[in-house]
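Asker: Build me a model:
(2 chains)
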Amino acid sequence: MQWDVVATNFDYLLFGAYPEGPLGGLAMTILMALGSIFGAFWVGLVVGLMRLSPRAWLKWPAMVYIEIIRGVPLIMLILWFYFLFPILIGKTLPAIQSAMVTLVVFTSAYIAEIVRAGVQALPKGQMEASRATGLSKMQAMIYVILPQALRNMIPSFVNQFVSVTKDTSLVYVLGVTELTRAAVQVNNRTLSAPMELYMTILVMYFVICYVLTSYSRTLERKMARYQARG
Amino acid sequence: MAMIEIKDIHKWYGDFHVLKNVNESIEKGEVLVICGPSGSGKSTFIRCINRLEEIQKGEILLEGRNIYDKGVDVNELRTEVGMVFQQFNLYPHLTVLQNVTLAPIKVRKMPKSQAESIAMELLARVGIHDQAKKFPVELSGGQQQRVAIARALAMKPKVMLFDEPTSALDPEMINEVLNAMKDLARDGMTMLCVTHEMGFAREVADRVIFMDGGAIVEEGTPEHFFTNPQHERTKAFLKEIL
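Answerer: Residues are numbered from 1 along each chain as shown, chains lettered A, B, ... in the order given. Have a look, this model is predicted:
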């Protein structure tokens, strides 16, 4: 066993070449996960609400978007978008940006479904009561439905966050130096301790995700007490 | 001019004919009680008056204006027609006070302080002003329903619709809600109440209508209705509930 390889390169696994060079490693993984979940939340919220609309021109594009994205492997999407973008715009998008856009798009499809389920789970009377006092549909959504629905969705959002954290490992195919890529690089350089290196990052992924899922379980227990009745 | 004029309205859910040629005219300040077996279309009927349900044929005039005209702003219409539901439907994430002030602030663009003082007056009127800072779950069913009444009144509606307001309540809480409704009726509010509270009907209703199978079977003063019903169906129904 050659754990000293891990020890010498531990900094690189955590932060990449930072501060001398670009940020990478675990820090990059976490940043990408945070960025993706933030972007995906807003895109997913909009797509989810479109999906709920009775108007066909809003509902159908949302359905097609959700179904297509949930129906393809993420890694295909990552590669395809990276090579599609230069054709669309005429210049290459930096790998990290391309990866972020893909992760946001991919995750947003799942968030959209969480939003749809969350809104539909509320008693119908909430929307009716708000509309009956003269609130527009948009106002009812903003002031009555979403504050309740989003709170109920928090555990699902945390689960999605766990998924996207693991999903960031796939963007190593584009050469983004996140945790997986950092480990691959160290291994290519040293060649003597692949098992130890990969074991280390495996534990890192696990710890992050385990902390998040336990937090999600605690939240779910708490939420159950504050469900809207009716 | 009648407050509400309902002319030959029809409604279908798919093939099911829910409302069949309903005609009715309600004067300003009149209290109309609508009763009938479940599935008779009575809730659907009053829900058509604020367009929570749409009719497919006929017209409904509110103060002479056809509420199904193309140019009608549904949200504005609903500020004139308050509604109270069987399940209260209070907003659980907002306090009692916020439940009442939400629509005045967001729809009427009323300053918060003004909306709150109006809300406190209304809450006092239904006897819950001391619970204003609580959340709906902390209140009893009867209290929640009275908050719902205050919430509807906050928009200063011309008409109030009550859809079985006491059906989800424990028996000992029914009276506090009925009293709030009676108070409103005495104040001259135009009211349409779907209810099986026959004591309430006797005491405050100007007219009672009995619906069955989507049509009005019988109507008259409470006096006529309870003492001398004409139709077999009405007699059978009254025997069931009295």
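Asker: How about residues contacting the helix ranked longest in chain B?
Answerer: Counting residues, the longest helix in chain B under DSSP state H turns out to be helix B:171-186. The contact list for helix B:171-186 (Cβ atoms under 8 Å, 6 or more residues apart in numbering or on different chains) reads B:31, B:125-127, B:140-143, B:145-146, B:149, B:153, B:160, B:162, B:165-166, B:169, B:191, B:193, B:197, B:199-200, B:203-204. Backbone N, C-alpha and C define where each C-beta goes, glycine included.
Asker: Could you do stretch A:38-49 as well?
Answerer: Contacts for stretch A:38-49 (Cβ under 8 Å, 6+ apart): A:62, A:65-66, A:100, A:103-116, A:119, A:141, A:157, A:160, A:164.
Asker: Distance from the chain centre to stretch B:116-127, please.
Answerer: 19 Å (Cα atoms, centre = their mean, to the nearest Å).
Asker: Give the buried subset of the contacts of helix B:171-186 as a ChimeraX selection command.
Answerer: Buried residues among the contacts of helix B:171-186 (16 or more other Cβ atoms under 10 Å in any protein chain shown), as a ChimeraX selection:
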select /B:31,125,126,127,141,142,143,145,146,149,153,160,162,165,166,169,191,193,197,200,204
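Asker: In strands, which of the contacts of helix B:171-186 appear?
Answerer: B:V31, B:M160, B:F162, B:M191, B:C193 (DSSP state E).
Asker: I'd say the third one and B:H196 touch.
Answerer: Pointing back at B:F162 there. No. Using Cβ atoms under 8 Å, B:F162 is not in contact with B:H196, being 11.9 Å away.
Asker: which parts of chain B sit against chain A?
Answerer: B:50, B:52, B:75-76, B:78-79, B:81-83, B:85, B:87-93, B:102-103, B:106-107, B:137, B:148, B:151-152, B:154-155 (Cβ under 8 Å from any Cβ of the partner chain).
Asker: where in the chain is pLDDT low?
Answerer: Assuming you mean chain A. Applying pLDDT under 70 to chain A picks out residues A:224-230.
Asker: max-length helix in it?
Answerer: helix A:194-224.
Asker: and that helix, how far out from the chain's middle?
Answerer: Distance of helix A:194-224 from its chain centroid, counting by Cα atoms, centre = their mean, is 15 Å.
Asker: contact partners of stretch A:152-162?
Answerer: Under Cβ under 8 Å, 6+ apart, the answer for stretch A:152-162 is A:33, A:37, A:40-41, A:107, A:110-111, A:114-115, A:117-118, A:121-122, A:209, A:212-213, A:215-217, A:219-220, A:223, A:227.
Asker: can you confirm B:P37 is in a helix?
Answerer: No. Assigned with DSSP: H, G, I helix; E, B strand; the rest coil, B:P37 falls outside any helix and is coil.
Asker: Looks like it contacts B:A236 (just checking).
Answerer: No. Applying Cβ under 8 Å, one finds B:P37 not in contact with B:A236, separated by 9.4 Å.
Asker: Which residue ranges of the chain form helices?
Answerer: Defaulting to chain A. So, for chain A - with DSSP H - the helices run A:3-8, A:10-15, A:25-52, A:56-70, A:74-89, A:95-121, A:124-132, A:137-140, A:146-167, A:179-190, A:194-224.
Asker: I was thinking of chain B, sorry if that wasn't clear
Answerer: Going by DSSP H, chain B shows helices at B:42-47, B:74-80, B:96-106, B:112-125, B:141-153, B:171-186, B:198-204, B:222-227, B:232-241.
Asker: quick revisit: show me how to select, in ChimeraX, the buried members of the residues of chain B next to chain A.
Answerer: A single ChimeraX command selects the buried members of the residues of chain B next to chain A (16+ other Cβ under 10 Å):
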select /B:50,52,75,78,79,81,82,83,85,87,88,89,90,91,92,93,102,103,106,107,148,151,152,154,155
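Asker: So which residues on chain A come close to chain B?
Answerer: Counting by Cβ under 8 Å from any Cβ, chain A sits next to chain B at A:123, A:125-126, A:128-136, A:139, A:143-144, A:147-148, A:151, A:226, A:228-230.
Asker: Please repeat the previous calculation with a cut-off of 6 Å.
Answerer: A:125, A:128-129, A:132-136, A:139, A:144, A:147-148, A:228, A:230 (Cβ under 6 Å from any Cβ of the partner chain).
Asker: Which members of the residues you listed are classed as buried?
Answerer: Buried among the residues of chain A next to chain B (16+ other Cβ under 10 Å): A:125, A:128-129, A:132-136, A:139, A:144, A:148, A:228, A:230.
Asker: For A:P19, state which of these is nearest.
Answerer: A:Q148 (44.7 Å; Cβ to Cβ).
Asker: Just give the closest residue to residue 98, not the sequence neighbours.
Answerer: Here I'm looking at chain A. Spatial nearest neighbour of A:S98, excluding adjacent residues (Cβ to Cβ, 6 or more residues apart in numbering or on different chains): A:Y82 at 4.7 Å.
Asker: wait, I meant chain B there
Answerer: Using Cβ to Cβ, 6+ apart, the nearest residue to B:Q98 is B:Y91, at 7.5 Å.
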